[in-house]
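# Below: sequence and its predicted model.
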Amino acid sequence: MDCKDSLDKLNKYLYRKEPCMIVVTGAAGFIGSCVAKYLHEQGRCDIVLVDDFSNQNKLANLTAIKSLKKINRDEFFDWVIDKSIDSIIHLGARTDTSEFDYSIFQRLNVDYSKRIWQLAVERSIPLVYASSAATYGAGELGYRDDHEIVSDLKPLNPYGKSKNIFDQWVLEKDSLSHWYGLKFFNVYGPNEYHKGRMASVVYHAFNQVKTTFGMELFKSHNSAYADGEQLRDFIYVKDICSVIAFLIDRLPNSGIYNLGSGKARTFLDLTNAVFNAMEMNPKISFIDTPIDIRDTYQYYTQADMTKLVSAGYSKNFKELEYGVNDYVMNYLSQSRYF
């Protein structure tokens, strides 16, 4: 995009006659609520929240944006018929990696997502949707966001399978001018109080240390990794918000993009960061990985972030120690929401 195109796009946005509207699905959830508030605080558009709002435990995530328009996800496609939408950020999904009833994932992660895609195509609406690093399975093909490998990936659980099936479907269609499938790696940060077992290790570490003054980590059941040396690409949710804002503003080349920090860190690193944020001496022990997830457990993930950087995203991702300290000190220790 040259300077003239950028200026024309900016003028069109600044002097438009109608207010702009951004739809965020999964808006009561962890990432969705953070993204909705982040965009609302920028004051750029009307933000419409779409979700199943019957889960009372999630509603507190919307405390700071409770005045925004809310649409039940089952009513959304009727509501949107006569509405003008500028962008859709589709983050609604079933994300429980220990759920093995695939029909649930098919309905929410595949079928509903296809309807969102078709709406975006019919209206030429830029679309950002949540894929997942779970699509990479055990990482046999690496962690590159190349479209050529998507059909060969072997996710380890129904959640990852559903995300990969939708990615494949999108690549077969590729009928939208601006679309972005984001493969989230291990996201942590405020507004995950409702997630229970599926909350981040930072969240569980904080609560366990607060209660017992120590932290239990999973043992390694892979001889290549010592206990606590399992590696993950942890990314702070505030970085997720920043990237999504960049995508809907800049509209770079469409495609599937990794979204992690680009740096694998150990669970020991993360746990020590929690102890440091709580100003306590580390006390760490190890327990067996639960049987129901042991065979599908990932021992290493690290996002290749080359594509996003090449697309023009130039901000640095927050270091693990910084993100953990911010999360613990400014949110968890005060029971605050984003």
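Arrived safely.
# how about the strands in the stretch 51-200 of the chain?
69-72, 87-90, 127-132, 179-184, 186-188 (DSSP state E, counting those that start in this stretch).
# Let's see the first one as PDB, backbone CA atoms only.
Presented in PDB, the C-alpha positions along strand 69-72 are these (Å, rounded to 0.1, in the frame of the first residue of the first chain):
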ATOM      1  CA  LYS A  69     -24.400  -3.700  23.000                       C
ATOM      2  CA  LYS A  70     -24.800  -7.400  23.600                       C
ATOM      3  CA  ILE A  71     -26.200 -10.000  21.200                       C
ATOM      4  CA  ASN A  72     -26.700 -13.600  22.000                       C
END
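# What lies in contact with it?
With contacts defined as Cβ atoms under 8 Å, 6 or more residues apart in numbering, strand 69-72 is touched by 27, 46-53, 62, 79. (C-beta placed from N, C-alpha, C; glycine too.)
# next one: it to chain centre, how far?
21 Å (Cα atoms, centre = their mean, to the nearest Å).
# What ranges in the stretch 1-150 of the chain fall below the confidence cut-off?
By pLDDT under 70, the low-scoring segments of the stretch 1-150 of the chain are 1-19, 97-98.
# ranges for the helices of it?
3-14, 30-41, 56-59, 76-79, 102-105, 112-123 (DSSP state H, counting those that start in this stretch).
# Tyr159: which of the ones you listed is closest?
Among these, the nearest to Tyr159 by Cβ to Cβ is helix 102-105 (6.0 Å).
# For that closest one, buried residues please.
For helix 102-105, a neighbour-count test (16 or more other Cβ atoms under 10 Å) marks 102, 105 as buried.
# please renumber so the chain begins at 164
Sure, I'll start numbering at 164, so the last one becomes helix 265-268.
# which helices and strands sit right next to that helix?
Contact here means 3 or more Cβ pairs under 8 Å, 6 or more residues apart in numbering; DSSP states H and E; on that basis helix 265-268 packs against helix 321-336.
# Also compute the angle for the helix it packs on relative to strand 342-347, please.
160 degrees (axes from the mean of the first three to the mean of the last three Cα atoms, to 10 degrees).
# Just the buried residues of helix 321-336, please?
By neighbour count on 16+ other Cβ under 10 Å, the buried set for helix 321-336 is 321-330, 333.
# export those residues to CSV and tack on pLDDT?
Formatted as CSV, the buried residues of helix 321-336 follow (pLDDT from 0 to 100):
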residue, pLDDT
Pro321, 91
Tyr322, 92
Gly323, 93
Lys324, 95
Ser325, 96
Lys326, 97
Asn327, 97
Ile328, 97
Phe329, 98
Asp330, 98
Val333, 97
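# Now render the residues you listed as CSV, adding distance to Gly475.
Shown next, in CSV, are those (distance: Cβ to Cβ, whole Å):
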residue, distance to Gly475
Pro321, 35
Tyr322, 31
Gly323, 29
Lys324, 32
Ser325, 30
Lys326, 25
Asn327, 27
Ile328, 30
Phe329, 26
Asp330, 22
Val333, 22
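# what's the closest non-adjacent residue to Asp249?
Distances taken as Cβ to Cβ, 6 or more residues apart in numbering put Cys183 closest to Asp249, at 4.4 Å, once the chain neighbours are dropped.
# Hmm, the one you found is touching Cys208, no?
Yes - Cys183 lies in contact with Cys208 (Cβ atoms under 8 Å); the separation is 4.1 Å.
# List the residues that are in contact with both of those two.
Asp249.
# These two: who's more crowded?
Cys208 (18 against 14; other Cβ atoms under 10 Å).
# Now do the same contact list for that one.
With Cβ under 8 Å, 6+ apart, Cys208 has these contacts: 182-185, 202, 249-250.
# same check, this time on Phe501
196-197, 200, 224, 227, 352-354, 400, 494.
# neighbour-wise, which of those leads?
Most surrounded of these: other Cβ under 10 Å gives Ser196, at 31 neighbours.
# what's the spacing between the closest residue to that one other than its chain neighbours and Ile185?
Take Ser196 and drop its neighbours on the chain: the residue closest to it by Cβ to Cβ, 6+ apart is Asn224, 3.7 Å away. For Asn224, the distance to Ile185 equals 17 Å [Cβ to Cβ, to the nearest Å].
# what are the bridge partners for the one residue sitting closest to the centre of the chain, then?
Of all residues in the chain, the one closest to the mean position by Cα atoms, centre = their mean is Phe347, 4.8 Å from it. Applying DSSP bridges to Phe347 gives these bridge partners: Ser295, Leu422.
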